[in-house]
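In: Give me the fold of what follows.
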Amino acid sequence: MKIGVCVMLGDMADMPQKFKVLREQGFDNCQLLSWNPAHWTDENAARLNELLAEYGVEISAFWCGWEGPCTWNFYEGHQNLGLVPPEYREMRVKNLCDGADFAAKLGVENVVTHMGFIPENPNDPEFVPFCNAVKRIADHLKQNNQWLLFETGQETPVTMLRCFETAGADNLGVNLDTANVILYGKANPVDALDVFGKYVRNLHAKDGRYPVNGHDLGVETAIGEGKVDFYGVIKGLHELGYNGYITIEREIEGEQQAKDIIKAKEYLESIIKEVTGA
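Out: Numbers count the residues shown, from 1 in each chain. Predicted structure coming up:
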């Protein structure tokens, strides 16, 4: 298993420094995150390919955002996140297809996004139209030999599995965010592997605590300070034959973020060594 970190795509003038820091921290791979379609140009793709070669960095996945409002809570979030709200669906289908085409120019085969609060009830009138939209995106990615990965959190594992079955595409997978399933109160990441483990193609190593009220998500913490059983997650993935990427995500900024990332890298490396013997 290879440990990496998240890098946000922004002004191209800033990208050399971001890759320099990544290498100084001991990483050689990252998930590239982007919410701005204006950045997905041929010129930026060409420049990024130059930088990736220069710094010896591999992109394990492209985390593709979408346009329009987004509110990360249990109320407004149901109305404006992902592909679930019908008023934003077509725009975001296009966003995800465009982002995937940009990722293809970087040689990236895994495209990740949040799909929104997928209806738990399969009889919900928006469930099948949502799944049809997923299938359209997956079919587009198929032309690029890419996978569409659902970032976990806003749905229960069985709801995600049901969507995969309903959409019927063979290039759907999971980006397991170990904290999100806890922050949203949807699952325990170790147990979730029993449901969708065979679909995991990348993951965010992140920690956090369960919600303490009905409006707000739980709180993210530094890795090792929350409720995630990383030993159990890594052991479960190893038993499933997973030997891919583990991408550290720490959603704060500044000096403390860097300290937490370095500490997380050491912590995860020790667990991987114990579990795999490598």
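
In: could you pull out the strands for the protein?
Out: 2-8, 29-34, 58-64, 110-113, 147-151, 172-177, 200-205, 207-208, 220-221, 245-248 (DSSP state E).

In: who wins for proximity to Pro86 among the ones you listed?
Out: strand 110-113 (17.2 Å; C-beta to C-beta). For every residue, glycine as well, the C-beta is placed using N, CA and C.

In: In its sheet, which strands sit next to that closest one, and in what direction?
Out: Its sheet considered, strand 110-113 pairs with strand 58-64 (parallel), strand 147-151 (parallel) by DSSP bridges.

In: Would you mind pulling the contact partners of the first one?
Out: Outside strand 58-64, the residues that touch it by C-beta atoms under 8 Å, 6 or more residues apart in numbering are 2, 4, 6, 28-34, 52, 95-96, 99-100, 102-103, 106-108, 110-113, 149, 151, 175, 201-202, 244-245, 247.

In: quick check: mean pLDDT across that strand?
Out: Mean per-residue pLDDT for strand 58-64: 98.

In: ok and it relative to strand 29-34, angle-wise?
Out: Put simply, strand 58-64 runs at 20 degrees to strand 29-34, going by axes from the mean of the first three to the mean of the last three C-alpha atoms, to 10 degrees.

In: quick one: which of the strands paired with strand 110-113 is nearest Asn73?
Out: Short answer: strand 147-151, nearest of the strands paired with strand 110-113 by C-beta to C-beta, at 16.8 Å.

In: how close does Cys131 get to Phe74?
Out: Using C-beta to C-beta, to the nearest Å, Cys131 is found at 22 Å from Phe74.

In: Who has more neighbours out of those two?
Out: Cys131 (22 against 17; other C-beta atoms under 10 Å).

In: Please report the distance of the more buried one from Ala138.
Out: 10 Å.

In: Which parts of the stretch 1-150 of the chain are helices?
Out: With helices called from DSSP state H, counting those that start in this stretch, the stretch 1-150 of the chain shows them at 15-24, 42-55, 76-80, 86-105, 127-143.

In: Counting neighbours, what do you get for Ala167?
Out: 21.

In: Ala222 now?
Out: So Ala222, with other C-beta under 10 Å, has 19 neighbours.

In: Alright, calling it a day.
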